[in-house]
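Q: following is a predicted model, sequence given first.
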Amino acid sequence: MDIQKNLNEVEKFKKDLEIRQNQDRLNRSKNKLARLAEKRFKTTFVGALSEFEQGFGHIWKHGIPEEELTDEEYDNRKIWENIRNNILNKSNAQMRGFLTELDQHTIDKNDFTINFAIKDIKEG
């Protein structure tokens, strides 16, 4: 009877371990997707802002110190900074919303394994 009890305990431990390992794998998959999505969100909206600054930055003398700006350029820079902050705030809010939504899903990465057969090579 003690052997059967020990075997049952080992089986229970094995099943519990498999459940924990599976949950850990799912959490790693979700966390990896969240990191990748966050990086892509940031790359998208920061890249778009950078493109806009390259194309229209001459209006507020992008990269020039404020003390060297005319009144009009200074006013344009303040308008741009306000617009830029609004874009960043709204983009970050969308990213946080997506990450919150992601937390409500189970994510499982499709991994694959390749097993190679190893043969002994006999020298001739």
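A: Yep, that arrived.

Q: centroid-nearest residue for this structure?
A: Nearest residue to the geometric centre of the chain (CA atoms, centre = their mean): residue 35, 1.8 Å.

Q: could you measure from residue 40 over to residue 91?
A: Residue 40 is 12 Å from residue 91, where distance means CB to CB, to the nearest Å. Backbone N, C-alpha and C define where each C-beta goes, glycine included.

Q: how about residue 49?
A: Using CB to CB, residue 49 is found at 9 Å from residue 91.

Q: do residue 52 as well
A: 13 Å.

Q: and if you look at residue 33?
A: 19 Å.

Q: tell me who's in contact with residue 53.
A: If you count contacts by CB atoms under 8 Å, 6 or more residues apart in numbering, residue 53 has them with residue 62.

Q: what's the answer for residue 44, then?
A: So residue 44 contacts residue 91 (CB under 8 Å, 6+ apart).

Q: in which helix or strand does the closest residue to residue 103 other than its chain neighbours reside?
A: In this structure, residue 103 finds its nearest non-sequential neighbour in residue 30, 7.6 Å apart by CB to CB, 6 or more residues apart in numbering. Using DSSP states H and E, residue 30 falls within helix 2-56.

Q: now that helix, how far from the centre of its chain.
A: Here the centre of helix 2-56 is set off from its chain's centre by 10 Å, with CA atoms, centre = their mean, to the nearest Å.

Q: who are the packing partners of the helix or strand that it is followed by?
A: Once the chain leaves helix 2-56, the next helix or strand it forms, by DSSP H and E, is helix 71-102. Applying 3 or more CB pairs under 8 Å, 6 or more residues apart in numbering; DSSP states H and E, one finds that helix 71-102 contacts helix 2-56.

Q: what angle do helix 71-102 and the helix it packs on make with each other?
A: 160 degrees (axes from the mean of the first three to the mean of the last three CA atoms, to 10 degrees).
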